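S.K.: Sequence and predicted model, in that order:
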Amino acid sequence: MIVSLPLRRSRAGFSLARISLRNGKASLLFSLILYLGIGSYLSLVLQAFQGDAYSRVANAYYVLFSRDPHLAAIGFVWTPLPSLVELLFMPVSLVWPPMVRDGFAAVLMSALFMAGAVYQIDKTMRELQVRSVARNVLVAAFALNPMVVYHGAIGTSEAPMAFFMILCARHLMAWTRHGTIDRLVLAGLALAGAYMTRYEAALAAAGAVGIVGLLVLLRTPGPPRTRFQMATADALILGAPFVLVFVAWAFASWLIVGDAFAQFSSAYGNSSQIAVWKSIGGNEFGYPLDLKLSLTAQRLFALQAALPLGLALALVLSVSRRDLRMVALLAVFGPALVFMALAYVLGVLAPWLRYLMPAVPLGILLLGLCLSGAVAVARPSWPSRMVGRWAGPAMTPMLLLGAAITVPIGGMGILNSQIAVEESRDLGGIFGPRAAHDDRPGWSVRSFAGERIVAAHLDTLQLPDGSVALDVFLNGFAIVTQSDSPRQFVITPDRDFDAILADPAAFGVQYLLAPDNAGQGVLDAVNRAYPGLVPSEPSAPRSGHRVATLDRMFPQLGTSGRWWLFRVNPPVS
C-alpha cells in the first residue's frame, strides 16, 4: 500500500513526498492512531479508565514518586511488564500530570502493543500468502473488533498479551514449514514476554514446547535416541526464555516478599478475591453449571463468531494438505483459552469477557490458514486439490463475510451486561442515557470520582510525609495518584508499612484511611489490622476505637465506594 502526502513547497524546493507503507506498516499506523485517539478521549476528556489498567500505572508511579521509592514497589501479585513499560513514561508526569492522574501512561502502553498485535496479524497473513483483498478484510476484522479496540485504548494487559501470543504463533507456524532455529528463538522470546504480562501464558508455553518436541520426534529420521535428542534440543531452545523469566520472577518474589507465587497465596491474589465473591454470591459464583456453560458459549460467540467455521474448515484443509501450521496455532492459543473457560465454569475465575480474548486472534488466524496460498506439500493429494477447488471460489466470500460480521456481533456482545460484565458496565456509563457526570452510585463516567475528593481533602490539610496510612489494593491507589502530595501516604509497597500499621502513633502517622469493611474491603490491610475500626453500617453507633477516632466519612460516589478517615489517637503515656 502506498500513501501520498502532499507537502508545501519550501525554499529548498521540495514539492511532494511519497511515503511507502508496505509490509503491514499501514495497519500499524492506522490502528495506533485509532487506539490512541479513543484512549485519549476516554482518559483525558471523560476521565474514564479501567481499574486494573489504572492500578498498573500506580504500581509504576510508586517506583519513583512514593514515600519509599524502590523498584520492588512495582509489586509481585501481578506480572510486571505493563507497569515496567509505563515506568518509562512516569517522568513526563512532572511536567504533564495527566500522564499519571488520568492514566494516560496505560493508554500509551496498550495502544502501542495492540497496534503491534494488528501488525503481527498482517505479517502473518503475508507469510501465509493470503491474497491482498482477503488479507485486508481479515486484518480489519481483527483491528476493528470492539474488544480489541476497547482494550487497545483503555490500557489493560490484554494488549501486550495479544501481541506476544500472536508473535509466538506467527513464528511457530513458520517453523513447522521451514524448521529454522531463528523462528524458534523468536517464538520463545514471545512466550517469555507473554508470561511477564499474564500468568496464563505458562499454558501457552507448555503447549508450544510440547508440540515442538512431539513434531521433531516424529519428523526426525534416525534411531530413537537421535530423535529424542533433537526433540529435546529444539524444545529447550523454544522454552529456555520462558523458563528463565519464570524462575527469575519467582525467585525475586520469594527473595523480596517471602513468597514465590504471591498471585496465588497473597491476601490480594486471585484466590482471596474469589473467596470473597463466593461468600457474598457475587460475579456469577452461585450460577449452576448449565448456565455457566451457556454463558461461556455466548461469550466465545460474541468475541469470535467465525471461530467454529474457521476451526472446522482449517482442520479439513490442514489434514488434506498435510499442513502442521494449524497444530502450532492451536498449541499456542488453545491451552490458555480452554483453561480460562474451564476455570470460570469450575468456579475459580471471575466471569470477565477479556479472559477469553485469545479467541479473537485465534479465529482470524484460522481463517487466514483457510485462505493461505502457501500449501505445505509440493504435491497436494487429490483430497487437497478437491477441497481447494471447492473452498476457493465458494468458501472465500463466506469466510470473509464470517470475519466481517464478527465486528457488529462483537459490538452487541460488549454492550450486553450478561456477556460483558465489566465492559458493558463501563461503556454503559459512556453511551447510556444518564448524564456523563451523574454522581449516583454506579453511574459516574468519571472514574474514581470519590477517590479524587478524598485526595483533594487530604491535600488541603498540608500534612507532612508519612501522615496517612493507606492500603492501595482496593482503589486506594487512585487516592495516591490523584494527590498532589503522594509522599504523605504510607502505603503497602513501602518496606516499613507493616511495622507502621502495627503502631501508627509511634511512627507519627496522623490518619488511617480505609474502605468499607465489606466485600473486597475485607482484604484491606487496615481493616484486617483493626477489624472493628470501620462501622458495619454508616448509621451504626460510633463508639470509638483504641487506635483511632472517626474524623470523616466520604460517601459512595459514582463507581467509588465509601472511604473512612480516622484520626490516630495519641499514644498512651
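M.R.: Nice, I can see it.
S.K.: Spatially central, which residue of the protein would that be?
M.R.: residue 157 (2.1 Å; C-alpha atoms, centre = their mean).
S.K.: Hmm, it is touching residue 197, no?
M.R.: Yes - using C-beta atoms under 8 Å, residue 157 is in contact with residue 197, at 5.4 Å. From N, CA and C alone the C-beta is placed, and that goes for glycine too.
S.K.: circling back to that earlier point, contacting residues around the closest residue to the residue nearest to the centre of the chain other than its chain neighbours?
M.R.: Of all residues not flanking residue 157 in the chain, residue 82 sits nearest, at 4.9 Å (C-beta to C-beta, 6 or more residues apart in numbering). With contact taken as C-beta atoms under 8 Å, 6 or more residues apart in numbering, residue 82 is in contact with 56, 106, 109, 157, 160, 197.
S.K.: Residue 244 sits in which helix or strand?
M.R.: Using DSSP states H and E, residue 244 sits in helix 224-257.
S.K.: Can you list the helices and strands that that helix packs against?
M.R.: Here helix 224-257 touches helix 181-195, helix 201-219, going by 3 or more C-beta pairs under 8 Å, 6 or more residues apart in numbering; DSSP states H and E.
S.K.: Can you say which of these is packed in most?
M.R.: helix 181-195 (a mean of 23; mean count of other C-beta atoms under 10 Å).
S.K.: What are the contacting residues of it?
M.R.: With C-beta under 8 Å, 6+ apart as the test, helix 181-195 has contacts from 79, 81, 160-161, 163-165, 167-168, 171-172, 174-175, 201-202, 204-205, 208, 212, 234, 237-242, 244-246, 249.
S.K.: Please pick the buried ones from those residues.
M.R.: 79, 81, 160-161, 163-165, 167-168, 171-172, 174-175, 201-202, 204-205, 208, 212, 234, 237-242, 245-246, 249 (16 or more other C-beta atoms under 10 Å).
S.K.: Tally up the residues packed near residue 267, please.
M.R.: Residues lying near residue 267 (other C-beta atoms under 10 Å) number 17.
S.K.: what about it, distance to residue 474?
M.R.: 11 Å (C-beta to C-beta, to the nearest Å).
S.K.: shared neighbours of those two, which are they?
M.R.: residue 523.
S.K.: which residues does the residue nearest to residue 187 when sequence neighbours are not counted contact?
M.R.: Spatial nearest neighbour of residue 187, excluding adjacent residues (C-beta to C-beta, 6+ apart): residue 171 at 4.1 Å. Shown in contact with residue 171 (C-beta under 8 Å, 6+ apart): 183, 184, 186, 187, 190.
S.K.: Now do the same for residue 171: helix, strand or coil?
M.R.: Three-state call for residue 171 (DSSP: H, G, I helix; E, B strand; the rest coil): helix.
S.K.: ok, now how distant is it from residue 164?
M.R.: In terms of C-beta to C-beta, residue 171 sits 11 Å off from residue 164.
S.K.: residue contacts, the residue nearest to the centre of the chain?
M.R.: Residue 157 is in contact with 52, 53, 56, 78, 81, 82, 197, 198, counting by C-beta under 8 Å, 6+ apart.
S.K.: Let's verify residue 565: helix, strand, or coil?
M.R.: strand.
S.K.: residues near it, how many?
M.R.: 19.
S.K.: Buried residues of the helix or strand harbouring residue 302, list them for me.
M.R.: In the assignment (DSSP H and E), residue 302 maps to helix 289-303. For helix 289-303, the neighbour count (16+ other C-beta under 10 Å) marks 292, 295, 296, 299, 300, 301, 302, 303 as buried.
S.K.: residue contacts, residue 38?
M.R.: 149, 153.
S.K.: Lovely, talk soon.
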